[in-house]
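Undergrad: after the sequence you'll find the predicted model.
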Amino acid sequence: MIIREQELMSRHTTFRVGGPARYYLIPENTGEVRFALDFADARQLPFMIVGAGSNLLFSDREYHGIVIEIGEHFSGISVHEGNIITVKAGTKLSSMAARLAKLGLDGFAFAGGIPGTVGGAITMNAGAYGGEIKDCLKEVTVMTAEGSLKKLTTEELQLSYRHSILQEKNWTVLTGTFEFRPGVTEDIQAQMRELNEKRREKQPLEFASAGSTFKRPEGYFAGKLIEDAGLRGYRIGDAQVSEKHCGFVVNRGEATASEIHSLITTVQRIVKEKSGVQLEPEVRLIGDFSWDLDVF
């Protein structure tokens, strides 16, 4: 198994920022995942799982723990009889969507442009364009922090808007089993092209970001609230509220995690003052950000 020390998280996140992790481990199979958990336990260090590094903001300071990557080295798709497939957690959503389209299995086109992995998507019940992971997921196999395997049904995962029980548990997703309806390959591929074109038109894909920065407040749209607060294009250093879509905070090239975090908190404060709505970040903050507010 690949084990690295002082690995910069800016190399592994879609925001392209983040300081070093004490250890960075890349397992390729279930046994190595168990070893990675034992590695953390033996050193009495906290650990966290990453996939494609989307939806994460690591601090510029060192993460005093272990990062375990369940990514391309832990990927693959198995097709069962009928419309059932099992997918390893490190498989990219875009690869899964493309494979399903070729198989003529419908119901996953919404995820084709989400820049993440299956494990991460299950953990946060990822969704877009009216579809969510919970719509097609049947069962998940996880590894507990103690190294035992556990199967969970969709109901047991308690999936809701950008949430699952896995966010409260120290469990690692290994595989997900899904069920899809039959479809026509050409029609599914056309739908994927249409959705990807919408993304290119409306989202700032030309800049590094973590996707939508804020969760959708009930009864509102985060991007509209931010725009109405006069924050379109607002910058702190090289961190900016996207001019194309105000729901995205982007890295224009040389932003630090501190600048991005300070921009997020500034947006929250101003939107709260203007509209009374408290925006909740969809991006997960990892590490120590307590000193940022003293800098900006």
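TA: Structure received. Numbers count the residues shown, from 1 in each chain.
Undergrad: now do the nearest residue to residue 221 once chain neighbours are set aside against residue 11, distance only.
TA: Spatially, and ignoring its direct neighbours in sequence, residue 221 is nearest to residue 247 (7.5 Å; Cβ to Cβ, 6 or more residues apart in numbering). Where C-beta positions appear, they are placed from N, C-alpha and C, glycine not excepted. When distance is defined by Cβ to Cβ, to the nearest Å, residue 247 is 26 Å away from residue 11.
Undergrad: got it, and residue 263?
TA: Counting by Cβ to Cβ, the gap from residue 263 to residue 11 is 22 Å.
Undergrad: the more surrounded of these two?
TA: Using other Cβ atoms under 10 Å as the criterion, residue 263 and residue 11 rank with residue 263 on top: 24 against 12.
Undergrad: what is the mean pLDDT for the strand or helix carrying that one?
TA: Per DSSP states H and E: residue 263 is located in helix 257-275. In this model, helix 257-275 has a mean pLDDT of 97.
Undergrad: which neighbours does the helix or strand following that helix have in its sheet, and in what orientation?
TA: Later in the chain than helix 257-275, the nearest helix or strand by DSSP H and E is strand 284-286. With DSSP bridges as the test, strand 284-286 is paired with strand 56-58 (parallel).
Undergrad: show me how far the partner strand is from its chain's centre.
TA: Relative to the mean C-alpha coordinate of its chain, strand 56-58 is positioned 10 Å out (Cα atoms, centre = their mean, to the nearest Å).
Undergrad: what average pLDDT does that strand get?
TA: 97.
Undergrad: ok, now stretch 198-207?
TA: On average, stretch 198-207 scores 94.
Undergrad: let me see the residues that make contact with it.
TA: 113, 129, 240, 242-245, 248, 250-253 (Cβ atoms under 8 Å, 6 or more residues apart in numbering).
Undergrad: now do the same contact list for residue 275.
TA: Applying Cβ under 8 Å, 6+ apart, the residues near residue 275 are 220, 225, 228-229.
Undergrad: so it versus residue 225, what's the distance?
TA: 5 Å.
Undergrad: with residue 290 instead?
TA: For residue 290 relative to residue 225 (Cβ to Cβ), the value is 26 Å.
Undergrad: quick one: which of those two has more around it?
TA: Using other Cβ under 10 Å, the more surrounded residue of residue 290 and residue 225 is residue 225, with 23 against 9.
Undergrad: surely the more buried one meets residue 279?
TA: Yes: in terms of Cβ atoms under 8 Å, residue 225 counts as a neighbour of residue 279; the distance is 7.0 Å.
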